[in-house]
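Asks: Just to be clear, the model below is a prediction. Sequence and coordinates:
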Amino acid sequence: MKKFFDEFEIYIGAFCQGLMVLILLAQVVSRYIFNNAFSWSEETAIILFILSVYFGATAAIRRNQHLKLEIVLDKLSPKNRLKLEIFNNSLFALFNVIILFGIVPIVLRLRTNGTETAVTGIPKWYIYIVLPILFVLMIIRLIQDSGIKFKKIKNIDSNADSFEQNN
Amino acid sequence: MATAVLFIVAFTLLAIGVPVGISLGLGMIAIVFGFGTTNLGFLAQSMYSGFESLPLTAIPCFMLAGAVMETGGLSKRLVNVAEKMVGHTTGGLGTVTVIACLFFGAISGSGPATVAAIGGIMIPYMVKAGYDRTYSTGLSAVAGGLGIIMPPSIPLVIYGVATNTSIGDLFLAGIGPAFLVGFMLVLVNIFLSNKAGYLGNGIPFKLKEMGKAIWDAKWALLMPGIILGGIYGGIFTPTEAAVVATAYGILVGIYGYKELKWNDIIPMLIKNTSFVGGILLTFAPAAALGAVLALLGVPRALTTMLFALSTNKIVILLIVNVFLVFVGMIVDTTAANIIFSPILLTALRPYGVDPVHFGLLMTINLAIGFVTPPVAGNLFVASGMTGIPMDKIVKKALPFIVAMFVALLIVTYIPATSIGILQLLGR
Amino acid sequence: ACGSDSKAPTTPTSAKMDLTEYALSLATPLSAEDEAIFKSLEEPSKNPDKVVWRHGNVTNNMTDSPAVRADRAFFIELKKILGDKVELQFFFGGSLGTSSDQILGGLQAKNFESQSYNVGAMAEYTNAFMPLDVMFLVPDLKTALEVVNGEPGDIMRQECIDDTGLNVLYTPAIGMRHITTKNKAITKVSDLKGLKIRVQNNPLHLLAFSKLGSAPTPIAYAELFTSLQQGVVDGQENPIANIYAQNYVEVQKNMTLTNHLYTAGAFIVNNEWLLEQTPEFQEAVKKATAVAAAYSGPELTKTENGMLDYIKSQGMMVTELVPAEYDEFVRISKETWTEASAKIGADYFNKVVTSIEKITKK
Ligand code: NA
Ligand code: NA
């Protein structure tokens, strides 16, 4: 259960991606077998794609799957590496906090103006609102990840202590 | 000044291991607050709009298709065909690696995935046959670049989106350069194998054996035909090809080779979701950076600089290629593609450079970037698989990298090698 | 984000270069004075009170099509009046964004001062210009120009300002849309039966083309040539300028002058930003707007004729509908007006239709 809450977003993301694949497939089949093109499929597929990217990117934090350069990290001692990774997590979180100040006004504007998607007529802010929510969830994941790394640093320290005592 | 601050912040963060997209984002935020060139709303908007494009949906599909094909038993059958074809020649297994990457590249859109799929099989195999381990790893890492030159190709999709060029045309124009690069790699491999004494596998070539291997790999070999035939036969668009490839790969894995089960699909989807999310979070900030650089007047400055250096198309293209090799070292493939494709294309248009042709130059450069450290996707994968440090791999890979650069120059100065096929087809 | 057909993919193979040259030969040449101003439009200004005006466009220049030449006329006039009081910066190739959220949202957030877009792609933000998406509401180019430059145009522009705060200063003419096909010439509605026609991804267009019996298929503009060539779709519909520029004559053999829709560009500024400027500045914008609007229609009409001649010379069969068959097209398409009215808002739709009918029934 804990594992589920640690990465429930990935299941939502995978669902969005799976549905996107099915819709695009249905679009091809429908056009060629039934000679009938959907108008809604492209727009819906794009929305599902964006959602799956963000849900996936949130889950990617704890799975350590964000695209990054490890060249400096690799040269550090395990302890210093963890410290730098925690520092990098805080920069990631800082980006999210700042971007929240940019995205929230956009969501509010879309809501006030009643902007709707062109084909399916979904209010756009229903989709956009997912971004600030996930930017917050990313911050939570970054804190969780940093917490685990703190523990690892402590473990290294206490191992070192016990090593000293044994000698 | 603002441009300098942007790049210094972004590269410092990149170097210490902050995710690529976040580094670019914080670089832009630095100038939002420091210089007011752009505002936070613009950046935030891009975090959504950067993804709002149908062709981009092909990226998770191509990645999923790659995963399905690796698990579904397609890659080892492709290797088998290549081995029965050329395994008996000098440096045979090296040549097999290159040909297998070409085959796999025709169904996969990703470079690192090609390294993982083909290198994963070929490196241990070559080592067992007496090849140097680092040599095998280096060759596999470079040949993996064929995964993005041979259509379908994720970088070509991204280029098409970034510059509004027909992805169908780009795919067609990729076929020639892929064979050319493959040919160059094979040449270098034979030369080096001759020196190192890597002989053939000692099994004489038998047409019947090759026929058997081809028959066994028929579902895998049919796939490029279905994808490319489907696109050019008017069944589906290049974007839709990705989802057809996924569906076909699943069906072949489950019913053709029976190495995949329906139960495997959902875990693969879950794995793919975070994988794609981790890679694609780079996309939106990179797209915004392209626009911010435009606002800063970088494309114009670049154009002026290029014109000042030379007005000769041959010289300019050489400068651009060398510049891109350096960019390829330090900037991630996706980010380099989104940021520099529109800027450079704008600068090169006055010289009469064709957008489709330039798309292929860009892609071969990105394939080179995949194996030039420090930022090198294919090397990451190859090093991860074998445990050999990147710098050692690069040393052995250098002749192949040079071969790829020579192929790049040939494609640069003989545009017909790429876009000739379009003219043949009356495009 | 649909329907932005002005994002032309450009493949300057040698044949296409000639096409561009021919198109340019049809254009009204600039006077020597205007040419000089045009060349120095983007020169930086040292005036401390200058207004920096950043203009974005998805096209690659301000020369190649009649629609972008209207923008050129606008900026030349503006610069003539304002001199170094304005510093112009142009961003081509969609480098400031291509989606409606980037372009319209960006204008609302004042990320840049103006954008050349098209009214069809504004549907996510406002219903103001949606009447122009209703098939056969305007019968031909001449009427369409009177509509957008007259009272109906004023109603739509005001509605847009009220809805979004965005001011569409003028609507560069792109042209009436016509149908092209590969094998079968369209002479009557029933000829469309079962044909796969590429249309813009617009619900009203899709609905009307379904009602007409075809299988409308939305495909990205950048992929359209290849799709036509490979037979993904049998036909498409676009204004003459696009049909010419994309050289569809190579992959389509018939064209029917259906005049079923009018496609217009949109030169958009943030209205609040405009009102913040000095009266002198606003007056200059007004004058430049009038010049561009007056330039656009005649320039397109003139160019379209030349382009149509070229298309015919390349072997395209150009058909005009006989009145009875045209009426049948209109009758069936009008069946979608009820849905259109519901989607656009009945009161507003009726107001625009009434105003348009004052022109069409004259
Ligand atoms: Na490929
Ligand atoms: Na690199």
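Replies: Received the coordinates, thanks. What you see is a predicted model; the values in this text were computed from it and never measured. Ligands and ions are numbered 1, 2, ... in the order given.
Asks: Go ahead and confirm B:Ile339 touches B:Leu293.
Replies: Yes - the pair B:Ile339 / B:Leu293 is scored as a contact, 6.8 Å apart, by Cβ atoms under 8 Å. (Glycine included, C-beta is placed from N, CA and C.)
Asks: Residue 20: helix or strand, and which one exactly?
Replies: Here I'm looking at chain A. Element membership for A:Met20 (DSSP states H and E) is helix A:8-33.
Asks: other chain: chain C
Replies: Secondary structure (DSSP H and E) places C:Thr20 in helix C:14-26.
Asks: B:Val394 and A:Leu73, how far apart?
Replies: 19 Å (Cβ to Cβ, to the nearest Å).
Asks: Neighbour count for these two, which is higher?
Replies: B:Val394 (20 against 17; other Cβ atoms under 10 Å in any protein chain shown).
Asks: Pick out the residue of chain C closest to ligand 2.
Replies: Closest residue of chain C to ligand 2, Cβ to the ion: C:Ser95 (25.1 Å).
Asks: residues in contact with that residue?
Replies: B:Gly290, B:Ala291, B:Ala294, B:Pro299, B:Pro342, B:Thr346, C:Gly56 (Cβ atoms under 8 Å, 6 or more residues apart in numbering or on different chains).
Asks: picking that back up, could I get the buried residue list for the helix holding A:Met20?
Replies: A:9-18, A:20-21, A:23-25, A:27-28, A:31 (16 or more other Cβ atoms under 10 Å in any protein chain shown).
Asks: who does that helix touch, helix- and strand-wise?
Replies: Judged by 3 or more Cβ pairs under 8 Å, 6 or more residues apart in numbering or on different chains; DSSP states H and E, helix A:8-33 is in contact with helix A:41-62, helix B:58-71, helix B:238-251, helix B:262-280.
Asks: who touches the third one?
Replies: For helix B:238-251, contacts defined as Cβ under 8 Å, 6+ apart pick out A:21, A:24-25, A:27-28, B:54-55, B:57-59, B:61-62, B:64-65, B:68-69, B:72, B:74, B:107, B:109, B:152, B:157, B:167-168, B:171, B:223, B:226-227, B:230-231, B:236, B:260, B:265, C:223.
Asks: just to revisit the earlier point, Throw the helices and strands packed on helix A:8-33 into a markdown table and include mean pLDDT, thanks.
Replies: Formatted as a markdown table, those follow (pLDDT from 0 to 100):
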| stretch | mean pLDDT |
| --- | --- |
| helix A:41-62 | 94 |
| helix B:58-71 | 83 |
| helix B:238-251 | 86 |
| helix B:262-280 | 91 |
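Asks: which stretch among these comes nearest C:Pro218?
Replies: For the helices and strands packed on helix A:8-33, distance to C:Pro218 was read as Cβ to Cβ. The smallest value, 6.5 Å, belongs to helix A:41-62.
Asks: what's the spacing between that closest one and its chain's center?
Replies: Remark: helix A:41-62 is offset 9 Å from the chain centroid, using Cα atoms, centre = their mean, to the nearest Å.
Asks: could I get that helix in CSV with only the CA atoms?
Replies: What follows is helix A:41-62, C-alpha atoms only, in CSV (Å, rounded to 0.1, in the frame of the first residue of the first chain):
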residue,chain,number,x,y,z
SER,A,41,-9.0,11.6,-31.5
GLU,A,42,-6.0,13.9,-32.2
GLU,A,43,-7.0,16.5,-29.6
THR,A,44,-7.7,13.8,-27.0
ALA,A,45,-4.4,12.0,-27.8
ILE,A,46,-2.4,15.2,-27.4
ILE,A,47,-4.0,15.9,-24.0
LEU,A,48,-3.4,12.3,-22.8
PHE,A,49,0.2,12.6,-24.0
ILE,A,50,0.8,15.7,-22.0
LEU,A,51,-0.7,14.2,-18.9
SER,A,52,1.3,11.0,-19.3
VAL,A,53,4.5,13.0,-19.7
TYR,A,54,3.9,14.9,-16.4
PHE,A,55,2.7,11.9,-14.4
GLY,A,56,5.6,10.0,-15.7
ALA,A,57,8.1,12.8,-15.0
THR,A,58,6.8,13.0,-11.4
ALA,A,59,7.3,9.2,-11.0
ALA,A,60,10.7,9.5,-12.6
ILE,A,61,12.1,11.5,-9.7
ARG,A,62,12.1,8.6,-7.3
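Asks: does it come close to chain C?
Replies: Yes - for helix A:41-62, a contact with chain C is found by Cβ under 8 Å from any Cβ of the partner chain, at A:Glu42, A:Glu43.
Asks: relative to helix B:238-251, how tilted is that helix?
Replies: Computed by axes from the mean of the first three to the mean of the last three Cα atoms, to 10 degrees, the angle separating helix A:41-62 from helix B:238-251 equals 60 degrees.
Asks: if we look at stretch B:328-336, which residues are touching it?
Replies: Residues outside stretch B:328-336 that contact it (Cβ under 8 Å, 6+ apart) are A:67, B:11, B:14, B:20-21, B:24, B:111, B:155, B:158, B:279-280, B:282-283, B:286, B:289, B:324, B:327, B:339-340, B:365-366, B:368-370, B:372-377.
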